[in-house]
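# Mind folding the following:
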Amino acid sequence: MTESPALTMPPLTRLRNILGGSAGNFVEWFDWFAYASFAIYFSRAFFPEGTQTIQLLNTAFIFAGGFIARPLGALLLGIYADRAGRRAALTLSVAMMCGGSLLIALIPTGLGSVSPLLLVLARLLQGLSVGGEYGASATYVSEMAGKQHRGFWSGFLYVTLIGGQLAAMLLQLLLQKLLTEPQLYDWGWRIPFVIGALMAVVVFWIRRGIHETTSFERAPTADRGKALLLFTQYPKETAIVMILTAGGGVGFYTYTTYMQKLLVNSAGFDKPAVTQLMVWVLATFLFFPPLAGWISDHFGRKRTLAVSFGMSALLAVPVLTAISTATDLVGVYLLCVLPLFALSGYTALSAIIKAELYPAHIRALGVAVPYSLAMAVFGGNAESTALYFKEIGHETGYYWLVAAIFAVGFVVAASMRDTREHTRIEEE
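Okay, here's the model as predicted:
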């Protein structure tokens, strides 16, 4: 076992631990978004009947099913992280993701209802993993980072999330060049899940060597990992996390995963062009969260969040409307980057704002459970809801729904206390 570090941890050691804790986040989200990115190819294999929209809708429902498992994963691994340690939970979560990815890679198609059921099982396993991964990694990075730079490192954690999504799309772009479209539809879509499983094995080994956090070591043992405390002793904090996550989750999945379907299904762009476009969009977005986190370290979490949600509420309807009817890829790039820049205030603080609200003995639970509950209801259903509005002929209704959810997030952000000044993370 690696000894717990002192509060005077050398900067390079602290950095190595943060990178180790974040590495699994990259792999987890690579696997998670590989499903969303390659759904345009394997949706036909699992659901051969119906229109393209119906095929995508079916795979989107299964994508949402993974979110349903996330609260359970958050609960189980959150309890584990608060009782056994952050490092132990991080190691377990990446092992579970490896299993889910490998299962998707090996599922045979053409077995009637059996194939989709196996796909659901794999997504549920991935959902359990991601639900636990977020709470453990966000808590670990927040506790391991120094007080003066917690916002920045919180933003960096989202860089690994975006990086995982970007890597999945870059791989898609590469495979689109190396393989024919029939090959992608037939077997090429399996490749990213094999790669994801192999990367998870590497991260599993890396995480076994990182330090445990001092916050966990010094937390009182009596109430560690008691989930009911989130709702009995910290109901306000839990409600804040859920509402902010609802807005941030809907925005993130609308402007990233659903954006591909919007550009293909509504604007009429071809799939390879959309993939290339989203690669550039995500590569640009990659730089925003650390910047917004740095800003929050100097000007406060509350101000950063309020500006983020306020801008997002104002931009949702006009930007999504313009994208759905766009014809120029350069213009679409700018339209995609603009709302993601506005959203970066939330993405930067997604980890730290939650960690600072809760004491150490239930912090992993507090970070993970309300976040996963909100994601299951809002983020996980963003794509399927948008496709449903498209199918019934009222696509713009979804744009107004997104704006309304952002508006609620703005009200909460503007009325909460600044956690930078009132943090429950004790270490300096």
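# I'd like the mean pLDDT over stretch 148-161, please.
For stretch 148-161, mean pLDDT rounds to 85.
# Check stretch 351-370 too.
On average, stretch 351-370 scores 89.
# Could you tell me the end-to-end distance of that stretch?
In stretch 351-370, first residue to last residue: 12 Å (Cα to Cα, to the nearest Å).
# Tell me the gap between that stretch and the middle of its chain.
Centre-to-centre, stretch 351-370 and its host chain are 16 Å apart (Cα atoms, centre = their mean, to the nearest Å).
# now do stretch 245-264
The answer for stretch 245-264 is 11 Å, by Cα atoms, centre = their mean.
# Alpha carbons of that stretch, in CSV - could you do that?
C-alpha atoms of stretch 245-264 as CSV (Å, rounded to 0.1, in the frame of the first residue of the first chain):
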residue,chain,number,x,y,z
THR,A,245,-26.3,19.2,-13.2
ALA,A,246,-29.7,19.1,-15.0
GLY,A,247,-28.8,22.3,-16.9
GLY,A,248,-25.2,21.4,-17.5
GLY,A,249,-26.1,17.8,-18.6
VAL,A,250,-28.8,18.8,-21.0
GLY,A,251,-26.5,21.5,-22.5
PHE,A,252,-23.5,19.2,-22.8
TYR,A,253,-25.2,16.3,-24.4
THR,A,254,-27.2,18.6,-26.7
TYR,A,255,-24.2,20.4,-28.0
THR,A,256,-21.9,17.3,-28.3
THR,A,257,-23.6,13.9,-28.8
TYR,A,258,-26.9,15.1,-30.2
MET,A,259,-25.2,17.7,-32.4
GLN,A,260,-24.0,15.0,-34.8
LYS,A,261,-27.6,13.7,-35.3
LEU,A,262,-28.9,17.3,-35.7
LEU,A,263,-26.4,18.1,-38.4
VAL,A,264,-27.0,14.8,-40.3
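# If we go by neighbour counts, what in it is buried?
Buried residues in stretch 245-264, defined by neighbour count with 16 or more other Cβ atoms under 10 Å: 245-264. The way it works is simple: take the backbone N, C-alpha and C, and place the C-beta from them, glycine included.
# Out of these, which sit inside helices?
245-255, 257-264 (DSSP state H).
# got a pLDDT number for L334?
pLDDT, L334: 94.
# secondary structure element for it?
helix 329-349 (DSSP states H and E).
# could you say what helices and strands the following helix or strand past that helix packs with?
Downstream of helix 329-349, the first helix or strand assigned by DSSP H and E is helix 352-355. Applying 3 or more Cβ pairs under 8 Å, 6 or more residues apart in numbering; DSSP states H and E, one finds that helix 352-355 contacts helix 114-144, helix 150-178, helix 235-255, helix 301-324, helix 363-374.
# Now with 7 Å, please.
Judged by 3 or more Cβ pairs under 7 Å, 6 or more residues apart in numbering; DSSP states H and E, helix 352-355 is in contact with helix 114-144, helix 150-178, helix 363-374.
# Okay, angle between the first one and helix 363-374 too, please.
Helix 114-144 runs at 140 degrees relative to helix 363-374, counting by axes from the mean of the first three to the mean of the last three Cα atoms, to 10 degrees.
# can you give me the offset of helix 114-144 from its chain's centre?
So, by Cα atoms, centre = their mean, the centroid of helix 114-144 is 10 Å from its chain's centroid.
# cool, the last one as well?
In terms of Cα atoms, centre = their mean, the gap separating the centre of helix 363-374 from the centre of its chain is 13 Å.
# Give me the angle between it and helix 235-255.
Using the same axes, to 10 degrees: helix 363-374 against helix 235-255 is 50 degrees.
# outside of helix 363-374, which residues touch it?
70-71, 74-75, 78-79, 81-82, 86, 89, 131-132, 134-136, 138-139, 225, 227, 230, 234, 237-238, 241-242, 245-246, 249, 354-355, 357-358 (Cβ atoms under 7 Å, 6 or more residues apart in numbering).
# and if you look at stretch 253-263?
By Cβ under 7 Å, 6+ apart, stretch 253-263 touches 33, 36, 56, 165, 269, 274, 278, 323-324, 332, 336, 339-340, 343, 379, 382-383, 386-387, 402.
# What of stretch 194-201?
V27, F30, D31, A34, V94, M97, C98, S101, L102, A105, L171.
# swap the cut-off to 8 Å and go again
Outside stretch 194-201, the residues within contact range by Cβ atoms under 8 Å, 6 or more residues apart in numbering are 24, 27, 30-31, 34, 94-95, 97-99, 101-102, 105, 171.
# ok, now stretch 407-425?
142-143, 147, 150-151, 215, 240, 243-244, 246-248, 296-297, 300-303, 305-306, 308-310, 312-313, 346, 352-353, 355-360, 363.
# Ignoring the adjacent residues along the chain, who's closest to G99?
The shortest distance from G99 to any non-neighbouring residue, by Cβ to Cβ, 6 or more residues apart in numbering, is to L125 (5.9 Å).
# gap between that neighbour and M259?
Noted for L125: a distance of 26 Å to M259, by Cβ to Cβ, to the nearest Å.
# and what of L357?
In terms of Cβ to Cβ, L357 sits 31 Å off from M259.
# T232 now?
T232 is 40 Å from M259, by Cβ to Cβ.
# which SS state does I210 fall under?
Of the three states, I210 takes coil under DSSP: H, G, I helix; E, B strand; the rest coil.
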